[in-house]
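Participant: Dropping a prediction and its sequence here:
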Protein chains: 2
Amino acid sequence: MERKEFRDLASPAAAREAIESLSLEGGIDRVPLEEASGRVLVARLDAELDVPGFDRASLDGYALAARETFGADEADPAELEVVGEVHAGEEPSIDLEAGEAVEISTGAVMPSGADAMVPVERTDIDTETKTVRIRTSVAPGDNVMFAGADVAAGERALGPGTQITPRDIGLLSALGIDEVPVRARPTVGIVSTGDELVRPGGDLESARGEIYDVNSYTIAAGVEDAGGEAVLYPHAGDEQAEMEAILKEAAEECDLVLSSGSTSASAVDVIYRVIEEQGELLLHGVSVKPGKPMLVGRLGGSDGSDGSNGDGRSSTVDSAYVGLPGYPVSAMMVFRTFVAPAIRAAAGVPEPDSATVSGVMAREERYGEGRLRLMPVGVVEREDDSPLVYPVDKGSGATTSLAEADGVVEVSPETDYLEEGESVAVTLFSPDVRPPTLLGIGEDDPTLNRLLDGLENPRYLSVGTRPGLRRLRDGVPDVAVVAGPLERDVDAVELGRWRREWGLVVRPGNPDELEGLADLLEHDLRFVNRTTDSGLRSSLEAELDAIAADRDERPEDVRDAIDGFDLALRAHESPARKVIGGDADAGLGLRETADRLDLAFVPVDSEPVRVLANPDRVDTESVRELEAALESDSEIDIAR
Amino acid sequence: MERKEFRDLASPAAAREAIESLSLEGGIDRVPLEEASGRVLVARLDAELDVPGFDRASLDGYALAARETFGADEADPAELEVVGEVHAGEEPSIDLEAGEAVEISTGAVMPSGADAMVPVERTDIDTETKTVRIRTSVAPGDNVMFAGADVAAGERALGPGTQITPRDIGLLSALGIDEVPVRARPTVGIVSTGDELVRPGGDLESARGEIYDVNSYTIAAGVEDAGGEAVLYPHAGDEQAEMEAILKEAAEECDLVLSSGSTSASAVDVIYRVIEEQGELLLHGVSVKPGKPMLVGRLGGSDGSDGSNGDGRSSTVDSAYVGLPGYPVSAMMVFRTFVAPAIRAAAGVPEPDSATVSGVMAREERYGEGRLRLMPVGVVEREDDSPLVYPVDKGSGATTSLAEADGVVEVSPETDYLEEGESVAVTLFSPDVRPPTLLGIGEDDPTLNRLLDGLENPRYLSVGTRPGLRRLRDGVPDVAVVAGPLERDVDAVELGRWRREWGLVVRPGNPDELEGLADLLEHDLRFVNRTTDSGLRSSLEAELDAIAADRDERPEDVRDAIDGFDLALRAHESPARKVIGGDADAGLGLRETADRLDLAFVPVDSEPVRVLANPDRVDTESVRELEAALESDSEIDIAR
């Protein structure tokens, strides 16, 4: 197996420099005003007219010469002849003479001869004689907005680099500007490679090792967030000619091409070849974790017409190129650390204020690999105490852990481990990330899922009963949810409990006519179990132990008699899904699961599901919210 | 003039309640994954499959039964026969027997009989004998990601109310979900009314009192920011039938109709009629400033088919309705205070963290009108001191002051005045508002505008030389820019200066053959002056005084001899624009202005423009940045 090795890893700073040296800028767009919000001006915009363009009445009332009102007051009003009216949007046809006034609407043009106005509230009109009594005196300019008072022609309105807000749109509207020159969004082509990838929505053949393509849409959303325009290319298989054609097409059409996906030797080879033909490789491998296998360079497009642009490099060098790691978590971490800032810079979008949370490590975390580590973490808020920070790591192939994380802790290459309780700074994924109000850990359960739906912003890690109890003892979650017999005492406050019916999930109609666990021992049936982390597994083992005692057999022998007892799946629905797939005759599961998946159910027993609160956090708002949800649910017994 | 009075103003809390009581929710959209970022889930999404869907090799290497490696190490490797290979995306065709291994790629399906894998780095392959030496021992499960380890079928993936991030898109992709049910964006119809309004981009007739329609695009941008979908309706004039038709059409098509613009009696009358015909008026007038004339209600659409929906109200009640004040600043303040939160609630978008800045008032601000005041303010950062806060108020008709403001100070109805130095809390317009790095105040000048273009995030208020000096003395700006003779000593540090040529701006070709100021005194020419705030005006007056002295005349008589000496405009380009418009023969102005507007120029003299720094802030980063820009500009003399 031929493999590219990543030796002589570049430093993160060198990787940033290499990406900064690429030109991603996309030129200038002229966009209509209604699409200008959030875009970045490329040039200064000066006012080309006065706003308002005329002397304007600020209120409804009477326009007049201020001198006519001198000395007037409630007791001794001035009396003027009303010689006409002016409404907004009309050209006044009147020249005021001495002793005259004009009725005027808010926003109307001040007529010639008038230099002030009096609001209608300070006047009395006699409609018969067409005279108005002015009960106040005004100075020239009173209640008039002069031409240019708002914006004056020639004034600098908005500077280059301004990211346009709705308020700026107000200013541009007032100036009559309906199109603005803004930085073009850099176009970013996304090419996911790998024979095993299927676009979401397509049919997956798990037996062939197919998985859904996570990176394409995820990176595309990240590109749009950073102010770029994402272009998704058809997913490229590992076939070289196909991959080469797609990369060249993307290089021609985009300012930046991002590839990700296959880390197979052949894929890397194709990228190398396209870069080497007309491009340039700037960097190969970065000393970060995750993210080591990162490439930075320039990518050649299809062969152009003229061959050379005179600077000695081929004119078909079309695009900047960054190769992202294939694993989704690695790809996203590299993207946000190195690529997103470059896209923002090219788009002219300011770096977001990096929202930072200080917290303490919930448990010791060993590291010591000599690379900068970008460690995704979750944050648990605590009253009267620093937030707890726990690493979120489901293994290097995990696609989803970032959805369960709030931000990143940078761990320097020199750090061997972070101690429990050590202070760390978490850079949130974005300033609007809100850490969950409630962190729960434990058994997956349909009733629980329904309860969580009613809470404000919960996070639930369904790792099973045993790991849930362990982490509750470590003090990490607000609550643990545990199912089955409680094997040891726990220092926790039970908020509530319910029972759930468990048994064997079988094909619709129960074709094997199963009646209970005993049938598994006596017939040639393929069973699927759950892992020992699961509370359901504990209930099953307790039941089998009872059967063994009844029959006077050894518990091990009873277990061994079940074909598939050791085939243990993590998820509560997975055994049932094996039955649907025809790979098993019976699966350990809940009645609710069987009902949901239209399967038959052979009941065995019921087991308790308990919600246990961390004793230090029983009185926090979020735990009380959960308690209230438990209390208002008629199916649930409240223990407290 | 018939006018609707706003008596019995509702409290702000009552206004919020009235708007909350309206139903703005737009139902459910199903959007493709690539458009899901930022949208809000309406339902919980559970995993319908295991991720990965199969036991998966985490690295490149050899799949084998762990027990084959027990005891193996560098000194004593285990030797296994390589019986095939499995790549990602392939279904393994091999059943491993004792003594066998399979070459496997990252992400490939573990073949039957294998329960662990060894990375290639810990092996040596002999291609001739097809045997691999395993230099380490592994346990079952090592380097394998089991089916469902990432996400397990049946797990709660994302809860209702989740605002989808790129990280969530990763999770949804992994689950193969390509379409998600999200809250529909509430559609918000925007109807600006008023005969005087012209859409930006259209031709403006200032003589008729026309102005550009500011509210339509500005409110539309605010609606989109809040998560709504803005629908702009054709601008309605004050003609009743037209306005009624547009309002009814909008009410039929949208969840919410916002009107703004004309405050004329007829417009209000039409809205009342449409509300009264089929709708309901909930609230009329709110005790806030700005924003008093606000309406809240329901609006009837066009006559429907069936007439009644059984609850006694007509089925043609189609839309929520809020009437915004016509003045742009008032409209925006009411929109963001009362309407935007309701749109966000309907869209399911969380309220943004309100970013708040504590500062001190730069000067006393009197108020005392007994209404809650929403006071737009600018913020000036100071090193080692609280930021200064100054009200931004260009008068009630101003359209643009919000573009010069950073946020809002709420002043309670009981407050009569805010003292200079009093602490206030500024709610920034949005969490990403960055107050300017440099605040400059003073003369408008083309050279200055060019300099400002090179700075990071400057704000410049071109109010003229005199107000600039006054506010520098008050300690508000970082720098003041002043032109013309300095009339009194100022406590400031001059950072640099340049000279600018001023004179008379006249029609192209100078048809009146003007040679200087004396011609204005001797010929029948219409002149346009600048206001006394302007440094240019001071230079003109000094020059005329010199002429008077020369001629042994009184200065007043010399000024009076100029037709238009008292016609004083605020903006530096406005006199030149009067010449273009044919309203004047000569305007006071700069050579640069004449050149820019393709007019002829009769030079009189040159005057200094000085950049004066606030002595307390000479050493701040932003002032140094300006100083560096001054130093690097070849046209500018550095005084310091």
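Facilitator: Great, that's in hand.

Participant: Report the residue ranges of every domain in chain A.
Facilitator: As assigned by the TED database, chain A contains the domains A:12-26+A:185-304+A:316-347, A:28-51+A:150-183, A:56-145, A:366-428, A:436-639.

Participant: quick one: which of these is nearest B:Ala10?
Facilitator: Of all the domains of chain A, domain A:56-145 sits nearest to B:Ala10, with 21.0 Å by CB to CB. For the C-beta atoms, the positions are set from N, CA and C on the backbone; glycine is no exception.

Participant: mean confidence for that closest one?
Facilitator: Average pLDDT, domain A:56-145: 93.

Participant: Kindly report the same for stretch A:429-438.
Facilitator: 85.

Participant: and if you look at stretch A:553-570?
Facilitator: 90.

Participant: Sketch out the low-pLDDT regions of the stretch 501-640 of chain A for me.
Facilitator: A:638-640 (pLDDT under 70).

Participant: Could I get the full set of helices for it?
Facilitator: For the stretch 501-640 of chain A, applying DSSP state H, counting those that start in this stretch gives helices covering A:517-522, A:535-551, A:555-560, A:574-580, A:591-596, A:621-631.

Participant: wait, does the fifth one make contact with chain B?
Facilitator: Yes: with CB under 8 Å from any CB of the partner chain as the measure, helix A:591-596 is seen reaching chain B through A:Thr593.

Participant: Dump that helix to CSV, restricted to CA.
Facilitator: Extracted in CSV, the C-alpha atoms of helix A:591-596 (Å, rounded to 0.1, in the frame of the first residue of the first chain):
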residue,chain,number,x,y,z
ARG,A,591,-42.6,-1.9,23.7
GLU,A,592,-42.4,1.7,22.6
THR,A,593,-39.7,0.9,20.1
ALA,A,594,-41.6,-2.1,18.7
ASP,A,595,-44.7,0.1,18.3
ARG,A,596,-42.8,2.9,16.7
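
Participant: Which other helices and strands does it contact?
Facilitator: For helix A:591-596, the elements it packs on are helix A:446-453, strand A:493-506, strand A:600-613, judged by 3 or more CB pairs under 8 Å, 6 or more residues apart in numbering or on different chains; DSSP states H and E.

Participant: List the contacts of that helix.
Facilitator: A:446-447, A:500-503, A:505, A:572-573, A:576, A:599-601, A:603, B:154 (CB atoms under 8 Å, 6 or more residues apart in numbering or on different chains).

Participant: re the thing from before, any chance of TSV for the helices of the stretch 501-640 of chain A, columns mean neighbour count?
Facilitator: As requested, those are exported to TSV (neighbours: other CB atoms under 10 Å in any protein chain shown):
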stretch	mean neighbour count
helix A:517-522	18
helix A:535-551	18
helix A:555-560	14
helix A:574-580	25
helix A:591-596	18
helix A:621-631	18
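
Participant: possible to save the domains of chain A as CSV with distance to B:Ile441?
Facilitator: Formatted as CSV, those follow (distance: least, CB to CB, whole Å):
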stretch, distance to B:Ile441
domain A:12-26+A:185-304+A:316-347, 31
domain A:28-51+A:150-183, 13
domain A:56-145, 21
domain A:366-428, 37
domain A:436-639, 45
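
Participant: quick revisit: what subset of the contacts of helix A:591-596 is buried?
Facilitator: By neighbour count, with 16 or more other CB atoms under 10 Å in any protein chain shown, the contacts of helix A:591-596 hold A:446-447, A:500, A:502-503, A:505, A:572-573, A:576, A:599-601, B:154 as buried.

Participant: What is the nearest of the residues you listed to B:Thr415?
Facilitator: Of those, the one sitting nearest to B:Thr415 (CB to CB) turns out to be A:Thr447, at 52.9 Å.

Participant: Where do the helices of the stretch 301-450 of chain A begin and end?
Facilitator: A:328-334, A:340-347, A:446-453.

Participant: Relative to chain B, which of those helices is closest?
Facilitator: helix A:446-453 (4.5 Å; CB to the nearest CB).

Participant: got a list of contacts for the helix or strand that the closest one is followed by?
Facilitator: Next along the chain after helix A:446-453, taking DSSP states H and E as the criterion, comes strand A:458-461. Residues from elsewhere that reach strand A:458-461 (CB under 8 Å, 6+ apart): A:378, A:404, A:436-442, A:448, A:452, A:477, A:481, A:622, A:626, B:156, B:159.

Participant: tell me the contacts of the closest residue to A:Gln163 other than its chain neighbours?
Facilitator: Nearest residue to A:Gln163 in three dimensions, chain neighbours excluded: A:Val40, at 5.1 Å (CB to CB, 6 or more residues apart in numbering or on different chains). With contacts defined as CB under 8 Å, 6+ apart, the neighbours of A:Val40 are A:161-164, A:182-183, A:227, A:347-349.

Participant: nearest to B:Leu495, of those?
Facilitator: Taking the contacts of A:Val40 together and measuring to B:Leu495 by CB to CB, the closest member is A:Gly161, at 22.1 Å.

Participant: doesn't A:Leu41 make contact with that closest one?
Facilitator: Yes: checked against CB atoms under 8 Å, the pair A:Gly161 and A:Leu41 is within contact range at 6.6 Å.

Participant: More neighbours: which of these two?
Facilitator: Legend: neighbour count by other CB atoms under 10 Å in any protein chain shown for A:Gly161 and A:Leu41, higher for A:Leu41 (22 against 18).

Participant: And that one, its phi and psi?
Facilitator: phi -60, psi 140 (degrees, to the nearest 10).

Participant: who's in contact with it?
Facilitator: A:158-162, A:164, A:180-183.

Participant: Can you tell me how far the closest residue to it other than its chain neighbours is from A:Leu172?
Facilitator: Leaving out its chain neighbours, the residue that sits closest to A:Leu41 by CB to CB, 6+ apart is A:Thr162, at 4.7 Å. Noted for A:Thr162: a distance of 10 Å to A:Leu172, by CB to CB, to the nearest Å.

Participant: Neighbour count for the two, which is higher?
Facilitator: Shown here are A:Thr162 and A:Leu172; by other CB under 10 Å, A:Leu172 has more neighbours (27 against 20).

Participant: in what helix or strand does the more buried one lie?
Facilitator: Using DSSP H and E, A:Leu172 sits in helix A:166-174.

Participant: Run the chain-centre distance for that helix.
Facilitator: Here helix A:166-174 is found 29 Å from its chain centre; the criterion is CA atoms, centre = their mean, to the nearest Å.

Participant: helices or strands up against it?
Facilitator: Packing partners of helix A:166-174 (3+ CB pairs under 8 Å, 6+ apart): strand A:156-158, strand B:211-212, helix B:215-225, helix B:328-334.

Participant: Reformat those as a markdown table; add distance to A:Val463, mean pLDDT and mean neighbour count.
Facilitator: Formatted as a markdown table, the helices and strands packed on helix A:166-174 follow (distance: least, CB to CB, whole Å; pLDDT from 0 to 100; neighbours: other CB atoms under 10 Å in any protein chain shown):
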| stretch | distance to A:Val463 | mean pLDDT | mean neighbour count |
| --- | --- | --- | --- |
| strand A:156-158 | 52 | 92 | 21 |
| strand B:211-212 | 60 | 92 | 26 |
| helix B:215-225 | 39 | 94 | 26 |
| helix B:328-334 | 49 | 90 | 28 |
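
Participant: got JSON lines for the ones you listed, with distance to A:Leu590 too?
Facilitator: Listed next are the helices and strands packed on helix A:166-174 as JSON lines, based on distance: least, CB to CB, whole Å:
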{"stretch": "strand A:156-158", "distance to A:Leu590": "61"}
{"stretch": "strand B:211-212", "distance to A:Leu590": "65"}
{"stretch": "helix B:215-225", "distance to A:Leu590": "45"}
{"stretch": "helix B:328-334", "distance to A:Leu590": "53"}
